[in-house]
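Visitor: One predicted model, sequence on top.
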Amino acid sequence: MHDFLDKLNPEQRAAVTLPARHALILAGAGSGKTRVLTTRIAWLIATGKASPSEIMAVTFTNKAAKEMLLRLTAMLPINARGMWIGTFHGLCNRFLRAHHREAELPLSFQILDSSDQISAIKRLLKNLNLDDEKFPPREIAHFINAHKEQGLRAANAEAYDEHTKKRVAVFAEYDTQCQREGVVDFAELLLRTFELLRRNEPLRKHYQARFRHILVDEFQDTNRLQYAWLKLLAGAWQKAPEAFPDPGAQIPENEDAETSARLFAVGDDDQSIYAFRGADVGNMRDLEREFGIKNVIRLEQNYRSFGNILDAANALIKNNRNRLGKNLWTDSGAGERISVFECLTDLDEARRVVDEARERIRAGVPPTQIALLYRSNAQSRALEHQLFSNGISYRVYGGQRFFDRQEIRNALAYLRLLANPDDDSAFARVVNFPTRGIGGKSLEALGENARVTHSSLYNAAAGLAGKASAAVGNFIRLVEALRAETQGLALPEIVERMLDKSGLRQHYFKEKEGRDRLENLNELVSAAASFLEERENHPEETSGAEPPDTDALAAFLAYASLESGEHQAGEKEDAVQLMTVHSAKGLEFDEVFITGLEEGLFPHENAMGDRDGREEERRLMYVAITRARKRLHLSYARARMLHGQTRYCLSSSFFDEIPENLLEKRASSAPQTSFLPSARRNFTSAAMSISDAFRNRKNGAESLGQASSLARSDTFGGFRIGQSVAHAKFGQGVIVSAEGYGNDARVQVEFGRAGTKWLSLVHAKLTPA
DNA sequence: CTGCAGCGTTTTTTT
DNA sequence: AACGCTGCAG
């Protein structure tokens, strides 16, 4: 009937053409998940089962939302009019702008990103006279966000000890402060929306009736609040729920299709890698139970990778328990074996990986189809260095984003102050930047005044202007003049004017290293221009039931907070791709190199304390492996520079979980004569820095000897990772990682009851068990 | 008030 | 090794 259905396999087609029922699609890596999602929307519209305005599609990233829209418009000649496709946060922002009065927010409320949030907390702690050593702002932020993501306000937060009680008090004050300043953080965006829908029945009924189809991408990454919000919109609660989290009642299938949305969730529990920021895989099981889903559709045919790669992935992930269960298969043959590079040092690893990448490029692989993956960002340095000296162009993902740069944040703070003078964060950021003689003392007085009069810093400053400090008065006059001057100007001109008047441009012009910053500021003007253009081209998107928001400045600021700006400076063509395993999720490449496969690094030592952490690391490895289409390369280094110190490493335990017949150990790529000397030089210098550090010890030569012997065997002072050992006091345990050597050799042992401990091999008497 | 030197920290990340 | 923050001197 529709040719886009012809391209699907039976399972995909079954998912796409599912009747209007709640559904859960378990979509393995590379099984055509995005295709199913977009084709489902196209099918609903094309068959007249739903109009575009009755559809809501939610993703986690802007990139995914854009991709979905792109593919959809390629399939169907529809305009995006009235369609709610976006991220959780983007859609909530849209909702709150439309209903800002009901949500008790000013029309041009600002969005705090994580660093704004932390500086807001710092300010608050200072006001409350609390020691930020005892209450680290980062930790407070986490405390607050975690509560909001559980649907909890300060009033509902549990606190049994004094310290927690204090933190709850800070939480309460923080929300008050945000409310006064007219700002919301990311979690608040969601919680506000949820609470408004819960308490306002007409509004809830309206949206429940409107969105007859709610589609969710990457459902395994949802947190409790996001799931609760979906339940609310999907009509799962006909009456306002009393409590959150939901008591867990069975959600009846609503027979009255007019008043109930259908939830179509797509996810893969094996690719859940964001538990550390609140994602709850348990939501998948809950969804299945609470929405009474009878049969979960499994997409297991993989169109991406060769068999060997899938076999490795399947074998690895089998070691996790509590999976929903799934086995990827392909009909495209086994392909090459997986190459394994055992390297002496991180430098050596970088050299060999880059050599191999260069080889592959020479063999005709496009550089963009080669990805070098690593567990943590710090590892990119060595690879970058090696690529650079080989003259291979590369692109690093996930570095600093455009809207995160300090010069951009400063510029945005001026704009925020124009849009909303009560925004104390913005005020504090730029009141003395560029420096204009307003220091700690004036600010303290200002803060005190604001507190007493319950007003914003800006208001307090305006009240005191002229009296207290001439400098403060000048600043206020500056902002006022700017506001008057930019009245009625188009967005890019406002930005332009602000850059001159604020002195930012001049400041970075004078600064020695300010060239790039200046360029970025100009880029901000362009960003504003293209944002405006985009808006004028799609005026319908913001209309509909909601009032059109005419405030381009506020909209631009929201855009800057929600879209951190990946679209920055030229997608370098023909560049090798470098990124963390996390940011590789959802992408695919012909050739994938997974580097730094060392116990303690990947899996990361901080995640090895508990089983859940280890399983998440394993899923991370699973994600990494399944990025590869044609070839997969694994590498590890025996010694690695980390935090300025050389660490001696053992190979990752993940190697033990991949069938040996799939692996192919690769000897050094270069002829021995040229390889050995340079490698030894590298290795020697690493060893020498160690011997420097231990210059009190007997001799460096001995250290060198031990280090080299370590590089040739997998044992560690006679012990091995994964080995069972016995300790006189702690009992039986398993070695989970190791570091150091000689007198400093330590192993980390996981004892059942006694927990996990680092033990010195010299002192602790461990025996094999 | 400003600028610089020394100190401590360091997984993953989107919104 | 590198970055951000605090404390101190000018």
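Guide: Nice, I can see it. Quantities reported herein were computed from a predicted structural model and do not represent experimental measurements.

Visitor: In this structure A:S635 contacts A:L344, no?
Guide: No - in this structure A:S635 lies outside contact range of A:L344 using CB atoms under 8 Å: 11.4 Å. Where you see a C-beta, it was placed from the backbone N, CA and C, and this is true even at glycine.

Visitor: is DNA strand B contacted by the strand or helix carrying A:L418?
Guide: Here A:L418 sits within helix A:406-419, counting by DSSP states H and E. No - if you take CB under 7 Å from any atom of the strand as the test, helix A:406-419 misses DNA strand B, and the best it gets is 12.8 Å.

Visitor: quick one: contacts of that helix?
Guide: Residues from elsewhere that reach helix A:406-419 (CB atoms under 8 Å, 6 or more residues apart in numbering): A:108, A:110, A:115, A:402-403, A:423, A:425-427, A:429-430, A:433, A:458, A:479, A:482-483, A:486, A:494-495, A:498-499, A:502, A:504, A:508, A:517, A:520-521, A:524, A:551, A:553-554, A:556-557, A:560.

Visitor: How about the one residue in chain A that gets nearest to DNA strand B: what's its closest non-neighbour residue?
Guide: For chain A, the residue closest to DNA strand B is A:G439, as judged by CB to the nearest atom of the strand, at 1.8 Å. Residue nearest to A:G439 in three dimensions, not counting chain neighbours: A:N432, with 7.0 Å by CB to CB, 6 or more residues apart in numbering.

Visitor: and that neighbour, that's in a helix?
Guide: No - A:N432 is assigned coil when assessed by DSSP: H, G, I helix; E, B strand; the rest coil, not a helix.

Visitor: Let me know whether it touches A:I438 as I believe.
Guide: Yes - shown here, A:N432 and A:I438 form a contact pair, counting by CB under 8 Å, at 4.3 Å.

Visitor: hey, C-alpha coordinates of stretch A:50-60 in CSV?
Guide: Extracted in CSV, the C-alpha atoms of stretch A:50-60 (Å, rounded to 0.1, in the frame of the first residue of the first chain):
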residue,chain,number,x,y,z
ALA,A,50,-3.9,10.3,13.0
SER,A,51,-3.2,13.9,12.0
PRO,A,52,0.2,15.4,12.6
SER,A,53,-1.1,17.5,15.5
GLU,A,54,-2.3,14.3,17.3
ILE,A,55,1.3,13.0,17.4
MET,A,56,3.9,13.6,20.0
ALA,A,57,7.4,12.1,19.5
VAL,A,58,10.0,12.4,22.3
THR,A,59,13.7,11.9,22.1
PHE,A,60,16.6,12.7,24.4
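
Visitor: ok, A:R358 touching A:N390?
Guide: Yes - shown here, A:R358 and A:N390 form a contact pair, counting by CB under 8 Å, at 6.2 Å.

Visitor: So the two - more neighbours on which side?
Guide: The neighbour comparison of A:R358 against A:N390 (other CB atoms under 10 Å) goes to A:R358, with 19 against 13.

Visitor: Assign a three-state SS to the more buried one, would you?
Guide: A:R358 is classified as helix under three-state DSSP.

Visitor: show me the contacts for it.
Guide: A:N390, A:I392.

Visitor: So which residues on the stretch 101-250 of chain A come close to DNA strand C?
Guide: Counting by CB under 7 Å from any atom of the strand, the stretch 101-250 of chain A sits next to DNA strand C at A:D132.

Visitor: Identify the bridge partners of A:V396.
Guide: In this entry, A:V396 is beta-bridged to A:L578, by DSSP bridges.

Visitor: pretty sure it is touching A:V576, no?
Guide: No - using CB under 8 Å, A:V396 is not in contact with A:V576, being 9.8 Å away.

Visitor: Give me the more crowded residue out of these two.
Guide: Taking other CB under 10 Å, A:V396 and A:V576 do not tie; A:V576 has more neighbours (28 against 18).

Visitor: and the more buried one, what does it touch?
Guide: A:V576 makes contact with A:A357, A:P367, A:T368, A:I370, A:A371, A:L372, A:L387, A:I392, A:S393, A:Y394, A:R395, according to CB under 8 Å, 6+ apart.

Visitor: And the pLDDT at it?
Guide: pLDDT recorded at A:V576 is 95.

Visitor: which residues in the stretch 251-400 of chain A form strands?
Guide: A:262-267, A:297-299, A:338-345, A:370-374, A:394-396 (DSSP state E, counting those that start in this stretch).

Visitor: Name the residue of chain A with the shortest distance to DNA strand C.
Guide: Across chain A, no residue is closer to DNA strand C than A:G644, which sits at 2.9 Å (CB to the nearest atom of the strand).

Visitor: Got phi/psi on that residue?
Guide: Dihedral pair for A:G644: phi 80, psi 10, per degrees, to the nearest 10.

Visitor: can you pull the pLDDT of it?
Guide: 85.

Visitor: Tell me who's in contact with it.
Guide: For A:G644, the contact set (CB under 8 Å, 6+ apart) is empty.

Visitor: can you give me the strands in the stretch 51-200 of chain A?
Guide: With strands called from DSSP E, counting those that start in this stretch, the stretch 51-200 of chain A shows them at A:55-59, A:84-87, A:110-112, A:183-185.

Visitor: mind putting the ones you listed in a markdown table, mean neighbour count and mean pLDDT included?
Guide: What follows is the strands of the stretch 51-200 of chain A, written out as a markdown table (neighbours: other CB atoms under 10 Å; pLDDT from 0 to 100):
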| stretch | mean neighbour count | mean pLDDT |
| --- | --- | --- |
| strand A:55-59 | 25 | 96 |
| strand A:84-87 | 22 | 94 |
| strand A:110-112 | 23 | 92 |
| strand A:183-185 | 25 | 95 |
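
Visitor: and the stretch 451-600 of chain A, which residues reach DNA strand B?
Guide: Checking the stretch 451-600 of chain A against DNA strand B by CB under 7 Å from any atom of the strand, the hits are A:L562, A:E563, A:S564, A:E566, A:M579, A:T580, A:H582, A:S583.
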